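>>> model the following, please.
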Amino acid sequence: MFFTSLLSWRTATMNDAERLSRLRHDLSNPLSALLAETQLLLLHESKIDAETLVSLREIEALAIRMRTMLREL
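Now for the predicted structure:
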């Protein structure tokens, strides 16, 4: 209970710039992992079927787009 109250208090006392910075950080970490894993899989294109390859390339493109959007915030 105390921990939840502390988090609520901390969030309430953050200004917009701090919230935006925290959001950018919190989204960037898992996004970086997603992009890295996708790119590692793409290193072995010859072993991947065509449908999966198309999906991986789409995931990579969207992750790069999201990373760009986060950097522009």
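
>>> in which helix or strand would I find Ser21?
helix 16-42 (DSSP states H and E).

>>> buried ones in the helix or strand that that helix is followed by?
Helices and strands here follow DSSP H and E; after helix 16-42, the next one along the chain is helix 50-72. Within helix 50-72, the residues that count as buried by 16 or more other CB atoms under 10 Å are 56, 59-60, 63, 67. C-betas here are computed from N, CA, C, even on glycine.

>>> tell me, what residue is most central in this structure?
By CA atoms, centre = their mean, the mean C-alpha position of the chain lies nearest to Leu31, the distance being 2.2 Å.

>>> quick one: contacts for that residue?
Leu31 makes contact with 63, 66-67, 70 under the criterion CB atoms under 8 Å, 6 or more residues apart in numbering.

>>> what about 7 Å?
When contacts are counted by CB atoms under 7 Å, 6 or more residues apart in numbering, Leu31 touches 63, 66-67.

>>> specify the angle between the helix holding Ser21 and helix 50-72 in degrees.
Helix 16-42 runs at 160 degrees relative to helix 50-72, counting by axes from the mean of the first three to the mean of the last three CA atoms, to 10 degrees.

>>> can you get me the centre-to-centre distance for helix 16-42 and its chain?
In this view, helix 16-42 has its centroid 3 Å away from the chain centroid, taken as CA atoms, centre = their mean, to the nearest Å.
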